[in-house]
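Chemist: build me a model from this:
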Amino acid sequence: MYNSRSRSNPSRPSFGGSRFSGHNGSGRSFRPPSAQGGFRRSFGGRGGGRGRGPARVNDYVIHDYIRRASVKPTIAPVVVAPVIAEDVLFESLNLPQQLIKNVVRHGYKTLTPIQIQGIPAIREGKDVIGIANTGTGKTAAFLIPLVERIMKDRSYKALIVAPTRELALQIRDELRKFADGMPIYSSFCIGKSSMYTQIRELQRNPNVVVGTPGRLKDLISRKALKLEKFSMVILDEADQMLDMGFINDIKEIISFLPKTRQSLFFSATLSGNINGLIKSFVTNPVTISVKTTETTSHIKQEVVQVASTSTKVDKLTELLQKKEFSKVLVFGRTKMGVERLSRDLFSKGFKVTSIHGDKAQFQRQQSLRMFKEDVVNIMVATDVAARGLDIPNVSHVINFDVPQTYEDYIHRIGRTGRADKTGVAMTFIQ
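Modeler: Numbering: from 1, shown residues only. Model prediction:
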């Protein structure tokens, strides 16, 4: 949905129209992590009509939570590829001329650490587990060697699986940039889009299939997607897919792939349990970690005290009116709450759009496009926008509702401060 600043303009574009009811704010609070690094939650407030009393949040608890985000170490990798000197140019990789031309034309000059270590390992045919902070170039790290491989072998086929439609779309768009002008065909398979169109695309025998787990399973069951000849599988944001309900889907999808294949798993966070599960899918993997902290020093983290749920919108409005809040991503907990907050801000004269699971795919793509292209400068979203999306120049991330988990917090605030730019993350508590 797009909301223009002018309330009096009857011709303003309007998309969506999903139903919504009263939004009640966060009502969630966090307790300090245990000595073992656990993350315990307590729930309160009047969220979801469950009859709970209002939440009480201790200042020290929240500040301790944020401090934890800035110092928590990553899991020790099994194998760490040697670090190469900084400022490595893409031209030094000896890529095919058309590929290097596309890479440079789309703004890529020097390699990031995950690319410096990951690209050579992938080019050598190794299985790779890549762990790096969000916004550090993981997508290019696996797409560039993939395109190179297809250029050398036109029969080569790869499957890329992402947890959300938005992330899958972003990967597809990046792939098209790198493969521009080359005879490389891809298919895009996500839910809430035409199954018929996707089946027709698969009949064209694409080199790369990019999709979400549910739709990929549907296409496999219809025998429209046959994976026996696929030589590579890539899971992006692997921890989310395996840890949040996609485990069985991923296992089923991988069971249709040949045993002899190259497997790549990329993520910004990787718990010990998920790390062990992933390793059951790979053979002698190189685990590459270029990450020392969960959040980077150029993201300033703040807590905003609000007296009650009813004053949260007023406080948010006060902040958004400030000049420095030039491009803001606001996270809410529920789909209905996000839609209501978006409309509340619209009624106050802000250029705002929203994104959540109740919107049709074309509406979600429209919202993302307008936010990326600065048609609007505020986007209100559920956690569907928290993972992997590369939205340039987000000045602030505001947790209007406290995230459910520590990992959700990390991924939310990672939408700002990208590509070594500074950013601010603010969390509302009451």
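
Chemist: what about the strands in the stretch 101-250 of the chain?
Modeler: 128-131, 158-161, 186-189, 208-211, 232-236 (DSSP state E, counting those that start in this stretch).

Chemist: got TSV for those, with distance to Glu339 too?
Modeler: To be clear about C-beta, it is placed using only N, CA and C from the backbone, and glycine gets the same treatment. Listed next are those as TSV, based on distance: least, Cβ to Cβ, whole Å:
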stretch	distance to Glu339
strand 128-131	35
strand 158-161	29
strand 186-189	26
strand 208-211	27
strand 232-236	28
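
Chemist: would CSV of these with mean neighbour count and distance to Ile413 be doable?
Modeler: Formatted as CSV, the strands of the stretch 101-250 of the chain follow (neighbours: other Cβ atoms under 10 Å; distance: least, Cβ to Cβ, whole Å):
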stretch, mean neighbour count, distance to Ile413
strand 128-131, 26, 18
strand 158-161, 24, 25
strand 186-189, 23, 29
strand 208-211, 25, 26
strand 232-236, 25, 19
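
Chemist: Thr353: which of those is closest?
Modeler: strand 186-189 (22.4 Å; Cβ to Cβ).

Chemist: sheet-wise, list the partners of that closest one with their directions.
Modeler: strand 208-211 (parallel) (DSSP bridges).

Chemist: one step back: relative to Ser367, which of the strands of the stretch 101-250 of the chain is closest?
Modeler: Taking those one by one with Cβ to Cβ, strand 186-189 is closest: 18.2 Å.

Chemist: quick check: mean pLDDT across that closest one?
Modeler: What strand 186-189 shows for mean pLDDT is 96.

Chemist: relative to Lys323, which of the strands of the stretch 101-250 of the chain is closest?
Modeler: Among the strands of the stretch 101-250 of the chain, strand 232-236 sits nearest to Lys323 (Cβ to Cβ), with 35.6 Å.

Chemist: what number of residues lie near Gln170?
Modeler: 21 (other Cβ atoms under 10 Å).

Chemist: domain boundaries for the protein, per the record?
Modeler: With domains defined by automatic domain parsing, the chain comprises 26-72+296-429, 90-289.

Chemist: ok so, going back, of all the strands of the stretch 101-250 of the chain, which lies closest to Gln321?
Modeler: Of all the strands of the stretch 101-250 of the chain, strand 232-236 sits nearest to Gln321, with 36.7 Å by Cβ to Cβ.

Chemist: give the pairing partners of the closest one; include direction for each.
Modeler: strand 158-161 (parallel), strand 262-267 (parallel).

Chemist: now tabulate those strands in TSV and tack on mean pLDDT.
Modeler: Shown next, in TSV, are the strands paired with strand 232-236 (pLDDT from 0 to 100):
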stretch	mean pLDDT
strand 158-161	98
strand 262-267	91
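
Chemist: now render those strands as CSV, adding distance to Val384.
Modeler: Formatted as CSV, the strands paired with strand 232-236 follow (distance: least, Cβ to Cβ, whole Å):
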stretch, distance to Val384
strand 158-161, 16
strand 262-267, 17
